[in-house]
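Next come a sequence and a model predicted from it.
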Amino acid sequence: DDGDSAAAADPGEASQVPSGRVTVLAAASLTESFEHLADELQTTHPDLEIVYSFGSSSGLVEQLLSGAPADVLATADTTTMDEAVAGGVVDGEPRIFARNTLALAVPAGNPGNVTGLADLANEDLRVAICEPQVPCGGAAQRLLDAAGVTAAPDTLTTDVKEAASLVALGEADAALIYLTDAAAEGDAVETVDVPDAEDVVSDYPVAVLADAPNPEGARAVVDAITGEPGRVILGEAGFLEP
Amino acid sequence: MNPTRRTEDLRVPAGLLIPAALGVAILVLPMAGLVVRAPWSDLPSILASDEVLTALRLSLVTATVATAAALACGVPIAWLLARTTLPGRSVLRGLVTVPLVLPPVVGGVALLMVFGRRGLVGGWLYDTFGISLPFTTEAVVLAQVFVAMPFLVVAVEGALRTADRRYDDVAATLGATSWTTFRRVTLPAVTPGVLAGAVLCWARALGEFGATVTFAGSFPGTTRTLPLEAYVAINSGDSDVAIVLSLLMIAVSVTILVGLRERWIGTA
Amino acid sequence: MNPTRRTEDLRVPAGLLIPAALGVAILVLPMAGLVVRAPWSDLPSILASDEVLTALRLSLVTATVATAAALACGVPIAWLLARTTLPGRSVLRGLVTVPLVLPPVVGGVALLMVFGRRGLVGGWLYDTFGISLPFTTEAVVLAQVFVAMPFLVVAVEGALRTADRRYDDVAATLGATSWTTFRRVTLPAVTPGVLAGAVLCWARALGEFGATVTFAGSFPGTTRTLPLEAYVAINSGDSDVAIVLSLLMIAVSVTILVGLRERWIGTA
Amino acid sequence: MSLHADLALRRGDLELRAALAVAPGEVVALLGPNGAGKSTALQLLAGILPLDAGRVELDGVTLDDPAAGVHVRPRDRRVGMVVQDYLLFPRMSVLENVAFGLRSRGMPRDRARAEAREWLGRMGLAGYERRRPGELSGGQAQRVALARALIVAPRLLLLDEPLAALDAGTRPAVRAELRRHLAGYDGCTLVVTHDPLEAMVLGDRVVVLERGSVVQQGPPAEVARRPRTDYVARLVGLNLLTGTASGRTAELPTGAVVTLAHDATGPVHIAFPPVAVTLSPRRPEGSARNAWPLVIADLEAHGDLVRVTADGAVPVLADVTPLAVADLGLEPGGEVWASVKATEISVYPA
Amino acid sequence: MSLHADLALRRGDLELRAALAVAPGEVVALLGPNGAGKSTALQLLAGILPLDAGRVELDGVTLDDPAAGVHVRPRDRRVGMVVQDYLLFPRMSVLENVAFGLRSRGMPRDRARAEAREWLGRMGLAGYERRRPGELSGGQAQRVALARALIVAPRLLLLDEPLAALDAGTRPAVRAELRRHLAGYDGCTLVVTHDPLEAMVLGDRVVVLERGSVVQQGPPAEVARRPRTDYVARLVGLNLLTGTASGRTAELPTGAVVTLAHDATGPVHIAFPPVAVTLSPRRPEGSARNAWPLVIADLEAHGDLVRVTADGAVPVLADVTPLAVADLGLEPGGEVWASVKATEISVYPA
Ligand SMILES: Nc1ncnc2c1ncn2[C@@H]1O[C@H](COP(=O)(O)OP(=O)(O)OP(=O)(O)O)[C@@H](O)[C@H]1O
Ligand SMILES: Nc1ncnc2c1ncn2[C@@H]1O[C@H](COP(=O)(O)OP(=O)(O)OP(=O)(O)O)[C@@H](O)[C@H]1O
Ligand SMILES: [Mg+2]
Ligand SMILES: [Mg+2]
């Protein structure tokens, strides 16, 4: 029940020192960075307890529209955030806090000898690309169009993580995934330079929610995400600044 | 001692009816929700689209092949578990039911580790024969077998344990080999259980998503089954399409389950 | 007519042994893959972490409660399907098995549509009592019941159809109400089937992911069960943790399944 | 209490149409060949099978009347039943099986068990209380089934071959126990049996069912003396012929003629015991007026005597001594003359 | 072919230790009270139950020898069995049930079916080929079970009360068929039965089992004339006493003394038929030297006679006419004197 978090925040002092529980719904690709951010905030805002629920952006919006009790929403694209805005669950204007670009990822050692985007058209290579209808797929399509390449994928993943783990396991010879995901896989994945990759970017918006039980806490968290602590941590994970 | 109408034979004790009604509500109401929310006007155009038809065909074919394979392998496993005194039998039972608890995505990763190009078995297959399973329709079937066969095994084992073993003894005294006994005496006796298990297995295979998407990937025509199609729709914010696809799956499976006429499920 | 050693009673026809071995390989090898790849040195620290223990406790509690609820509602449903001549019974059977085919994520969406704060039932509950189900531990249980109960229903119905109805008749002539007959005669006769169904149901509930994450969210301590924890781990690039969590689930369920001693599953 | 039943049912090739009435306290023995419909009739009365047509009334209450749509459920009938294959509840102990009916009627567990224990004792099964049905021998299981049915003192008791599996030593004791119980019992009882002695001992009246129809009924002695069908005749050990009498002779359908001791007219039954048949190698010349040439079909030892089955225009069974068999050189396929004195023959209207 | 078996098994409170031998072509009738272990013995021979100890040898081949770890599986034994509850395969037609054994031994379907059809005809079940077992009456099912076992001509045939459910009309025919079949069959046969007539007709030799042990065996006539246990005596309808003889008298354990017609010494059995017992209200003064005062326990009609069970120092069964019952005013609890002429008594060493 949603009464808990409201009660936890003492309304009298709220405007001074944000405290109590803040529930953040965040896109799955933000998992690692946001967990770090919570640890960081623990030192500056010891009274703030941050609880995350990670999921796909569209699933999170669906949950909100069904009355999920939460304070903050962070999605991996603007389309889903726009749905939330249209649904009236967002308080104020969403703010872009990070950007992501695509990388051409190959397994460690590059067994397929991939040298550039053009290799994605090679039928003999096993290629994973995101489904065009999802954010990373849309971005991939734009990148490929710009390079004039018609890819021959073997699988269209719905989730970037899938493509990333296929590369990490060596099952795919190449995949177009976000830079952050490539970074998260560590040594198992290498990236091949793609010229002009920075031209295609995805925006990550964050917003305080209209029914937030703890609006003060929510604002403090959003400030942290968009402010200095977020910039540092997100930068480490490979995100670009907005 | 009240003379009652013949039809009142249907009277059911409240102790059974109330929980049953509650259970039916839990199971059926969400489906009603889907029906209410479905975009009925767009329905024909969505259903007639090429992708949907392709995915539907692929789903039906793979689920059916997977069920056949699961029957071929799963019924013997159930028999081993129920009728022999194999040492370590209860550990085997535990192992065989593992895929039930494994979150399907993890199951997919596990399948990749074994049958993938660099996997234990897959690596050998690839190096020796140049065969690579992932991203093929065969991989979809394998993922479905992995996920759905345990249902069959558990259901059939339950049925075998309920059946009277003395018939097997009689068959043996009549000179039947254990294979003949199995085929002509044991199996017919547990047909309802086998059918129930096959239905579970088929339904589970039809709805299988996580292991498939991880192990077999998602490519229209070869590996993108209906649930994958629905998942794509949800993730691209098209929940209307997802609802329609789900209703389609429901319609197909209910038709088949209802079509499995009473007498197939067995008369006692 | 060859005198054989007593132990050779274990000899199993090849027609059964070969497919069984193949099936076991398909089911068990992927798990072996997980075991091989597991980060054994980090294992203790991962398992001892607070999040994991919390998630484990939550998983065990919710799966067990869900199984109890499914038994309470599902066994009566199975009885209705197997033993009465309810009109529209085969349609009911079809409907009740729908959650089997519904991809769990879609199931979660459907649950939100009905039990969400704006849903058919959920809206009424919220407006009248101020109760909101989604994103609570109760929601996890509800999602698990929705997804897992059909397994129980199908398994128990199969067992009921295999059992001899004449015992029920005898009980009736001895003056037993249908409730007494159900409780003292019918139910004991199908105990192996009910247990098999409960095992299926519990295992399915323990591994449930899609419907839970959609309907109940993924809040540590209240709704983040082990499979959800594994998903979080995968998403933070920590596939080692995901593997460890999967092995934990496997270990827990195998222990419980093996612990369910032979005699509980029933002697024929 | 009393039972009035009018049963009609088609089942496979069985066409059952039988009227059965049992007075309060009366025990009716239901006899008939395999497949006659005895078990089926019992199932109809118990309410387990639905009637096609007809009516069942017990103690003035209509239990079944398909035309009016009335059907009382088995559990509301207070009908006790022992079936041919016992159907003891496999997961209950013997004691729980016997106590089941009392418990179902709401008796507290301890009292029900005490009473069940007593019944088991009467059935010679003290000490078997905690066994499971699977651990009983055939005869033991049958006695448990009997105790389970008798203990509830039902208004209508249906026993389907209740003693068939009992050994020769136990059978008289259990039969006596059953007889004692039935004597002090004011409900209606129907006992199916294949044992003529059992029918005579237990039954106040005998009803014979063949191919779904009642072919004969009456007091045991009457039925034993004047069988009306081949089946009954074989059961009571008599030869039975059917013919048309006119004066002191009767003509059989085969054309053979039987001489009678008394005048009779119209269709008659002709009965005589196998011991009254004399066999001889040639046409006998003595006072026996009835003599027919026959071919021996079978010989079977049978206590001190040998039973000879002989076929011909007048098929007969004859009981002769082993000495006679040797003297006459009787063997299957051999020819022989059979003769019966007219005074040994009893004749009654068909 | 011949069977040599030495069976030892504990099962619940049954302690079975029996040696059974059957010569080629011989038919042994196994008699015994309920729970004696007859069905258990057959299960051991069929290989369905494992022996605790002992040995089973058929036709020179060891089938079971737990000490040596030998156990031939049921299907390798060529042992045919008819069990007390038939166990017809419920999902096969009657014809398929009977043909099953032949098919299992590799006979082509058509030939197997033709032969099965013939066997059904012999069992009086022509026309029932396509029925399911669930659609048969009890007696019909038993005949199918019998045909299913006989058709495979096993080397050892085990029949557990094969005719118990048959009606009085069918039983002699099926019994004759069985006898005919067994006569032309060189395998070993064991028939369990509770019917003394059946044991005499079918058995070349009778073996009596009680509480797991063989208590008597021999040719049927010998067993019938000289019973050695109460059970056998009741079975063949004799009174049996056991005592210690010395000269022309024998003393019973109760102290009562029986006068004998011939000299005897040591432990003896004393047997006499119930019809040889005379009942009188006072001590008889005639030539009968044996007279004992008794109390009547039970009366039961029994054919033309009434069987009186009387208790006392010398418990006896007496068969008297209904007239005598009326004249003497016999009733349970009444006192009476029973007398038997010494010449009616047969005495043999115990
Ligand atoms: N379910 C059924 N379907 C078709 N025919 C059946 C069915 N059940 C019984 N019959 C037939 O009905 C007839 C009567 O059967 P029933 O069991 O009443 O005989 P019965 O008189 O009890 O014989 P028995 O003395 O052998 O027990 C038999 O010919 C049997 O084959
Ligand atoms: N599974 C078992 N566990 C324990 N005791 C058993 C078991 N099966 C049988 N018995 C006991 O063993 C004894 C012998 O049983 P068996 O069935 O051999 O008797 P039987 O001679 O065939 O008797 P009947 O004439 O009644 O068929 C009985 O007392 C029975 O209660
Ligand atoms: Mg019958
Ligand atoms: Mg027996």
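Good, I have the coordinates. Numbering: from 1, shown residues only, chains lettered A, B, ... in the order given. Ligands and ions are numbered 1, 2, ... in the order given.

what does the stretch 51-200 of chain D have sitting close to chain B?
Counting by Cβ under 8 Å from any Cβ of the partner chain, the stretch 51-200 of chain D comes close to chain B at D:61, D:62, D:63, D:66, D:69, D:70, D:71, D:72, D:73, D:76, D:77, D:78. Using the backbone N, CA and C atoms, a C-beta is placed for each residue, glycine as well.

swap in chain A?
A:56, A:58-59, A:62, A:79-80, A:83, A:126, A:128, A:131, A:133-134, A:153-159, A:162, A:165-166, A:169-171.

one more time with 7 Å, if that's ok
Neighbours of chain B within chain A, by Cβ under 7 Å from any Cβ of the partner chain: A:56, A:58, A:62, A:79-80, A:83, A:126, A:131, A:133-134, A:154-158, A:162, A:169-171.

Intersect these with the contacts of chain C.
residue A:62.

among the residues of chain A next to chain B, which are in helices?
Under the assignment DSSP state H, those contribute A:58, A:62, A:79, A:80, A:83, A:162 to helices.

Double-check residue D:50 against residue D:71; I have them as touching.
Yes. Between residue D:50 and residue D:71 a contact is recorded at 6.5 Å, counting by Cβ atoms under 7 Å.

More neighbours: which of those two?
Per other Cβ atoms under 10 Å in any protein chain shown, whichever of residue D:50 and residue D:71 has more neighbours is residue D:71, with 23 against 13.

who's the more buried one bridged to?
For residue D:71, the beta-bridge partners under DSSP bridges are residue D:64.

Relative to ligand 2, how far out is it?
37 Å (Cβ to the nearest ligand atom, to the nearest Å).

With residue A:150 instead?
75 Å.

Does that residue belong to a helix, a strand or coil?
coil (DSSP: H, G, I helix; E, B strand; the rest coil).

Grab the nearest non-local neighbour of it.
Once flanking residues are discounted, residue A:150 sits nearest to residue A:121: 5.7 Å by Cβ to Cβ, 6 or more residues apart in numbering or on different chains.

list the contacts for that neighbour?
Counting by Cβ atoms under 7 Å, 6 or more residues apart in numbering or on different chains, residue A:121 touches A:149, A:150, A:151, A:152.

Next, work out how far apart the third one and ligand 2 are.
Distance, residue A:151 to ligand 2, using Cβ to the nearest ligand atom: 71 Å.

What values do phi and psi take at that residue?
phi -70, psi 150 (degrees, to the nearest 10).

what number of residues lie near it?
By other Cβ under 10 Å, the residues close to residue A:151 number 20.

Surely it touches residue A:132?
No. Between residue A:151 and residue A:132 there is no contact under Cβ under 7 Å: 10.6 Å.

quick one: the strands in chain A?
Using DSSP state E, the strands of chain A run over A:20-27, A:48-55, A:72-74, A:90-107, A:127-130, A:155-157, A:174-178, A:189-192, A:201-209.

Does stretch A:196-206 reach chain C?
No. If you take Cβ under 7 Å from any Cβ as the test, stretch A:196-206 misses chain C, and the best it gets is 14.7 Å.

gap between the two ends of that stretch?
27 Å (Cα to Cα, to the nearest Å).

near ligand 2, which residues of the stretch 51-200 of chain B?
Taking Cβ under 6 Å from any ligand atom, no part of the stretch 51-200 of chain B reaches ligand 2.

Show me what from the stretch 51-200 of chain B comes close to chain E.
Residues of the stretch 51-200 of chain B lying near chain E (Cβ under 7 Å from any Cβ): B:166-167, B:169-170, B:172-177, B:180, B:185, B:188-189.

The same query, at a cut-off of 6 Å, please.
Within the stretch 51-200 of chain B, the residues that sit near chain E (Cβ under 6 Å from any Cβ of the partner chain) are B:166, B:167, B:169, B:170, B:172, B:173, B:174, B:175, B:176, B:180, B:185, B:188.

about what we covered before: present the ones in helices among the residues of chain A next to chain B as JSON lines; the columns should include neighbour count.
What follows is those, written out as JSON lines (neighbours: other Cβ atoms under 10 Å in any protein chain shown):
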{"residue": "A:58", "neighbour count": "25"}
{"residue": "A:62", "neighbour count": "27"}
{"residue": "A:79", "neighbour count": "16"}
{"residue": "A:80", "neighbour count": "24"}
{"residue": "A:83", "neighbour count": "19"}
{"residue": "A:162", "neighbour count": "26"}
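
Could you find the closest non-adjacent residue to residue B:190?
Nearest non-adjacent residue to residue B:190 (Cβ to Cβ, 6+ apart): residue B:159, at 4.1 Å.

Could you say which helix or strand holds that neighbour?
Assigned by DSSP states H and E, residue B:159 falls within helix B:137-162.

Give me the helices and strands touching that helix, please.
Helix B:137-162 sits against helix B:50-83, helix B:98-101, helix B:191-207, helix B:210-215, helix C:137-162, helix C:191-207, with contacts defined as 3 or more Cβ pairs under 6 Å, 6 or more residues apart in numbering or on different chains; DSSP states H and E.

okay if I get those helices as JSON lines plus mean neighbour count and mean pLDDT?
Listed next are these as JSON lines, based on neighbours: other Cβ atoms under 10 Å in any protein chain shown; pLDDT from 0 to 100:
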{"stretch": "helix B:50-83", "mean neighbour count": "21", "mean pLDDT": "93"}
{"stretch": "helix B:98-101", "mean neighbour count": "28", "mean pLDDT": "80"}
{"stretch": "helix B:191-207", "mean neighbour count": "27", "mean pLDDT": "86"}
{"stretch": "helix B:210-215", "mean neighbour count": "29", "mean pLDDT": "87"}
{"stretch": "helix C:137-162", "mean neighbour count": "28", "mean pLDDT": "90"}
{"stretch": "helix C:191-207", "mean neighbour count": "27", "mean pLDDT": "87"}
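
so can I have TSV of these showing distance to ligand 4?
Below are the helices and strands packed on helix B:137-162 laid out as TSV (distance: least, Cβ to the ion, whole Å):
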stretch	distance to ligand 4
helix B:50-83	25
helix B:98-101	44
helix B:191-207	31
helix B:210-215	54
helix C:137-162	27
helix C:191-207	27
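
For ligand 1, which of these is the nearest?
helix C:137-162 (17.5 Å; Cβ to the nearest ligand atom).

and the angle for that closest one with helix B:137-162?
Interaxial angle, helix C:137-162 versus helix B:137-162 (axes from the mean of the first three to the mean of the last three Cα atoms, to 10 degrees): 60 degrees.

Now do helix C:137-162 against helix C:191-207, angle only.
Using the same axes, to 10 degrees: helix C:137-162 against helix C:191-207 is 150 degrees.

does any part of the helix or strand just after helix C:137-162 sit near chain D?
Scanning forward in sequence from helix C:137-162 by DSSP H and E, the next helix or strand is helix C:166-173. Yes. Helix C:166-173 is in contact with chain D by Cβ under 6 Å from any Cβ, via C:166, C:167, C:169, C:170, C:172, C:173.

Tell me how far the last one lies from ligand 1.
According to Cβ to the nearest ligand atom, residue C:173 and ligand 1 sit 17 Å apart.

that older thread, turn the helices and strands packed on helix B:137-162 into TSV, columns for distance to residue C:12.
Shown next, in TSV, are the helices and strands packed on helix B:137-162 (distance: least, Cβ to Cβ, whole Å):
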stretch	distance to residue C:12
helix B:50-83	7
helix B:98-101	22
helix B:191-207	19
helix B:210-215	30
helix C:137-162	23
helix C:191-207	21
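
Tell me what residue 207 is bridged to.
The chain I'm using is chain A. Note on residue A:207: beta-bridge partners by DSSP bridges are residue A:73.

if you could check chain D rather than the one you did, that'd help
With DSSP bridges as the rule, residue D:207 is bridged to residue D:30, residue D:217.
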